[in-house]
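Chemist: Fold the stuff below for me.
(2 chains)
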Amino acid sequence: MEAAAAAAAGTGCGPGSPLLLSDGEQQCYSELFARCAGTASGGPGSGPPEAARAAPGAATAAAGPVADLFRASQLPAETLHQITELCGAKRVGYFGPTQFYVALKLIAAAQSGLPVRIESIKCELPLPRFMISKTEGEIRFGNSAELHGTKVQIPYVISEKNTFKRMDDEDKQQETQSPTMSPLASPPSSPPHYQRVPLSHGYSKLRSSTEQMHPAPYEARQPLVQPEGSSSGSQGAKPPRHQASLIRSFSVEREPQDNNSNYPEEPWRITEEQREYYVNQFRSLQPDPGSFISGSVAKNFFTKSKLSIPELSYIWELSDADCDGALTLPEFCAAFHLIVARKNGYPLPDTLPPTLQPEYLQAAFPKTKWECTLFDSYSDSMPANQQPHDLNWMELSINDMTDFPVPTQDMTGNDKQALKSTTDEALPKDMSENPATPKESNSLKARPRSRSYSSTSIEEAMKRGEDPPTPPPRPQKTHSRASSLDLNKVFQPSVPATKSGLLPPPPALPPRPCPSQSEQGFEAELHPQLSRAPSQAAESSPTKKDIPYSQPPSKPIRRKLRPENQAAENQEPSATAGGPASAATVKPHPTVQKQSSKQKKAIQTAIRKNKEANAVLARLNSELQQQLKEVHQERIALENQLEQLRPVTVL
Amino acid sequence: MAVCVAVIAKENYPLYIRSVPTENELKFHYMVHTSLDVVDEKISAMGKALVDQRELYLGLLYPTEDYKVYGYVTNSKVKFVMVVDSSNPALRDNEIRSMFRKLHNSYTDVMCNPFYNPGDRIQSRAFDSMVTSMMIQVC
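Modeler: Okay, here's the model as predicted:
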């Protein structure tokens, strides 16, 4: 079939009636169908292509892979809905072969710009084009050989648009890489999309095999595509619209491979990291993972996501399966996942997807509790390496989620063990092994998502117990208060009357580090801290590092100290920078050193806070001085007036 | 079997009203509106002493030529009014009761949603689908 495919006529030569397909189309569609059906039946990723193809006619394609395939065609959602209705799948309730083929033809028609009608498919049409990200393919289409339902369309290279080549794994490897480049190389709007044939299977072989034996067209395609021989990590072409996040998504894609999978990729599957993140959030709201989150608490929490109330109401309806007004852990995860998906632009489903059902979630993640603790420690050690991000991160993480919805729930026992062992050991280090970086970046991304939530209000960030990962908001508040108090203390002797009126001293003053005290104490601390973040060390005075909250010294004194300390520190950082610097970015935190690392992180964040606070205070200072002067002048003016008026009244 | 279903708040404004679309809906709205008086009458007739034992199901409020109107009150004075086609002879009291019970359960589920503010219009899709299922059997 493969060889024969090569010669297949280009655009469907036969009449495009729903049941009459050209050879090329027939092959293409049957492969796609087999892929969708194959994954639906849970065929393992390493299943032989032929086996999966063997039963195309009998099976029905599951909605999940089919929906993903349709989405990969990059048609707008309404068009896809129309197509689904037209092909009859809605009527019969499933995607049988007939419906599937009709749908594919309609997609081809839509992509060619024809209206979505039954009549349009009666004429000749090119094959539908699908941009499938690597992980999608890998997950959904377990067989490497089934590459070509969709073809790379490079007009100047390909005459054999409809050629269905069976690619070897090596070929797939090439393809894998080429897709990576293609979105970056070609303009996003270019009609000829690279059709990434997801190389699920090819993936695993990817690393081992070399790229040889390309059939001619491939080689022709190679120069085009410019696979930069990139790491096997560069996989997965994401649709060009996600170009911005391509790089990150590439790294994240690795993860799915390692999790091995054949997980049908749907946006409604919760990945491991997502799961952990949700559980973490749950625990921040409700310490006991076994009990409920009440309605009002959940409402406040989800309102932070800035979705509209009707949408949130609908999400609640979907996720609160027992309608008791409270969310258990699986319900909460489902709701959270729906919110995240919605924020990412996915339309809300009409019913709760099966992968989000509470029973399913509960069954899939029995070990949630202890994983959570690991995740906690993991998250603790990570914060310093992350900078707060805004919604950008959220988008990215969500994009990653949708594109590589690693269906960890279907993990085999082995995979889960592997995953657990990685989480066991400590965290960033082990994570970075393979998928480690992607996993890490994914979880890193996952956490920034919380930041975007918390950006709405600082108090809420505090309340949600996210202090370690989101240092800036909280300390800043306290520090600013402390700073203003400082200001009062500094200037009160000079202008007691006016100042006190302008700045009522705050009642509770978090102590600030005293420079004199901290200086000595700091030398010892300097080393570990410098190893932490040489850059940070250079900036901040040692005062801040050591004891974030001791008695506040006066600002001018602090400022003077800083340059001194900076000078001292600069030398030290450079000295120690070499060794620890490398470790600075990704600090392996063995569980033993978690405490000290925690402190270091706290110190660093305190340093940052202090710096910001200093800037704020300086500004405040100048403003207040100005106000003081004005008030003085007013007072003088008033006194003069009084003087002038007094003789009159007296007399 | 219902031709029109309405949920009226305690203050006698509609939280939800839905009719079979083929008919002149205004007529149904009017019927529901007039039935509110009958509901109030029945409630007050029960008297304060009987509040605890007051039956939630009020029964036939009043019949018209083509339709019958049934009523149901919850303990929080939220009223459910259902207009039923008279031409359906087999519709028994028990069935009406069960329909009201379903309505009440769905309404409770809507209230459980923390994002629903009591007094808002009911926009829950689950509630909608439940009402549709009750109405669609007519057609």
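Chemist: For the chain, give me the ranges with low pLDDT.
Modeler: Here I'm looking at chain A. A:1-21, A:37-63, A:89-91, A:93-94, A:116-117, A:120-126, A:128-267, A:364-592, A:648-651 (pLDDT under 70).
Chemist: wait, chain B
Modeler: B:1, B:23, B:47-54, B:88-90, B:136-139.
Chemist: where does it come near chain A, residue by residue?
Modeler: For chain B, the residues in contact with chain A (CB under 8 Å from any CB of the partner chain) are B:108, B:109, B:111, B:112, B:113, B:114, B:115, B:116, B:123, B:124, B:125, B:126. For every residue, glycine as well, the C-beta is placed using N, CA and C.
Chemist: what about the residue nearest to the fourth one when sequence neighbours are not counted, how many neighbours?
Modeler: Think residue B:112. Distance criterion CB to CB, 6 or more residues apart in numbering or on different chains; nearest residue to residue B:112, sequence neighbours excluded, is residue A:325 at 3.7 Å. Neighbour count for residue A:325, taken as other CB atoms under 10 Å in any protein chain shown: 18.
Chemist: do you know how far residue A:325 is from residue A:348?
Modeler: 20 Å (CB to CB, to the nearest Å).
Chemist: Determine the number of other residues adjacent to residue B:46.
Modeler: Neighbour tally, residue B:46, other CB under 10 Å: 14.
Chemist: if I look at it, how far off is residue B:59?
Modeler: 12 Å.
Chemist: Run through the neighbouring helices and strands of the host helix or strand of residue A:337.
Modeler: Per DSSP states H and E: residue A:337 is located in helix A:329-343. Other helices and strands packing on helix A:329-343, by 3 or more CB pairs under 8 Å, 6 or more residues apart in numbering or on different chains; DSSP states H and E, are helix A:272-285, helix A:295-303, helix A:309-319, helix A:358-364, helix A:391-403.
Chemist: Let me have these in a markdown table, adding mean neighbour count and distance to residue B:38 as columns.
Modeler: Below are those laid out as a markdown table (neighbours: other CB atoms under 10 Å in any protein chain shown; distance: least, CB to CB, whole Å):
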| stretch | mean neighbour count | distance to residue B:38 |
| --- | --- | --- |
| helix A:272-285 | 23 | 47 |
| helix A:295-303 | 19 | 35 |
| helix A:309-319 | 21 | 33 |
| helix A:358-364 | 17 | 43 |
| helix A:391-403 | 23 | 54 |
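Chemist: quick one, which of the ones you listed is nearest to residue B:94?
Modeler: With CB to CB as the criterion, residue B:94 lies closest to helix A:309-319 of the helices and strands packed on helix A:329-343, at 29.1 Å.
Chemist: looking just at contacts, which helices and strands does the following helix or strand past that closest one meet?
Modeler: Once the chain leaves helix A:309-319, the next helix or strand it forms, by DSSP H and E, is strand A:326-327. Applying 3+ CB pairs under 8 Å, 6+ apart, we find strand A:326-327 packed against strand A:293-294, helix A:295-303.
Chemist: Any chance you could list what contacts the first one?
Modeler: Contacts to strand A:293-294, defined as CB atoms under 8 Å, 6 or more residues apart in numbering or on different chains, come from residues A:282, A:285, A:286, A:301, A:325, A:326, A:327, A:332.
Chemist: What separation do you get for the closest residue to the last one other than its chain neighbours and residue B:6?
Modeler: What sits nearest to residue A:332 in space, not counting adjacent residues and going by CB to CB, 6+ apart, is residue A:282, at 5.0 Å. When CB to CB is the yardstick, residue A:282 and residue B:6 sit 39 Å from each other.
Chemist: Over to residue B:116?
Modeler: 18 Å.
Chemist: cool, and residue B:55?
Modeler: Going from residue B:55 to residue B:6 by CB to CB gives 20 Å.
Chemist: Which of these two has more residues huddled nearby?
Modeler: For residue B:55 versus residue B:6, neighbours defined as other CB under 10 Å are more numerous around residue B:6 (26 against 12).
Chemist: ok so that one is a helix residue?
Modeler: No: the assignment for residue B:6 (DSSP: H, G, I helix; E, B strand; the rest coil) gives strand, which keeps it out of a helix.
Chemist: which ones are touching it?
Modeler: B:14, B:16, B:17, B:18, B:32, B:80, B:81, B:82.
Chemist: Quick one: neighbours of the third one, just the number.
Modeler: Per other CB under 10 Å, the neighbour tally for residue B:17 reads 19.
Chemist: If you count contacts, what does the helix or strand hosting it end up packed against?
Modeler: In this assignment (DSSP H and E), residue B:17 forms part of strand B:14-19. Here strand B:14-19 touches strand B:2-8, helix B:25-46, helix B:125-136, going by 3+ CB pairs under 8 Å, 6+ apart.
Chemist: how about a cut-off of 6 Å?
Modeler: Applying 3 or more CB pairs under 6 Å, 6 or more residues apart in numbering or on different chains; DSSP states H and E, we find strand B:14-19 packed against strand B:2-8.
Chemist: and the strand it packs on, which strands flank it?
Modeler: Applying DSSP bridges, strand B:2-8 is found paired with strand B:14-19 (antiparallel), strand B:79-85 (antiparallel).
Chemist: Out of those strands, which is the most enclosed?
Modeler: Burial of these is given as mean neighbour count (mean count of other CB atoms under 10 Å in any protein chain shown); strand B:79-85 ranks first at a mean of 24.
Chemist: How about the very next helix or strand once past it, which residues are buried there?
Modeler: In the C-terminal direction, the helix or strand that comes right after strand B:79-85 (DSSP H and E) is helix B:93-112. For helix B:93-112, the neighbour count (16 or more other CB atoms under 10 Å in any protein chain shown) marks B:96, B:97, B:99, B:100, B:103, B:104, B:106, B:107, B:109, B:110, B:111, B:112 as buried.
Chemist: got a list of contacts for helix B:93-112?
Modeler: Helix B:93-112 has contacts (CB atoms under 6 Å, 6 or more residues apart in numbering or on different chains) with A:323, A:325, B:57, B:70, B:72, B:80, B:116, B:122, B:124, B:127, B:130, B:134.
Chemist: Just list what the lengthiest helix in chain A packs against, helices and strands only.
Modeler: When chain A is parsed with DSSP state H, its longest helix is helix A:594-650. Using 3+ CB pairs under 6 Å, 6+ apart, the elements in contact with helix A:594-650 are helix A:368-381, helix A:473-491, helix A:542-546.
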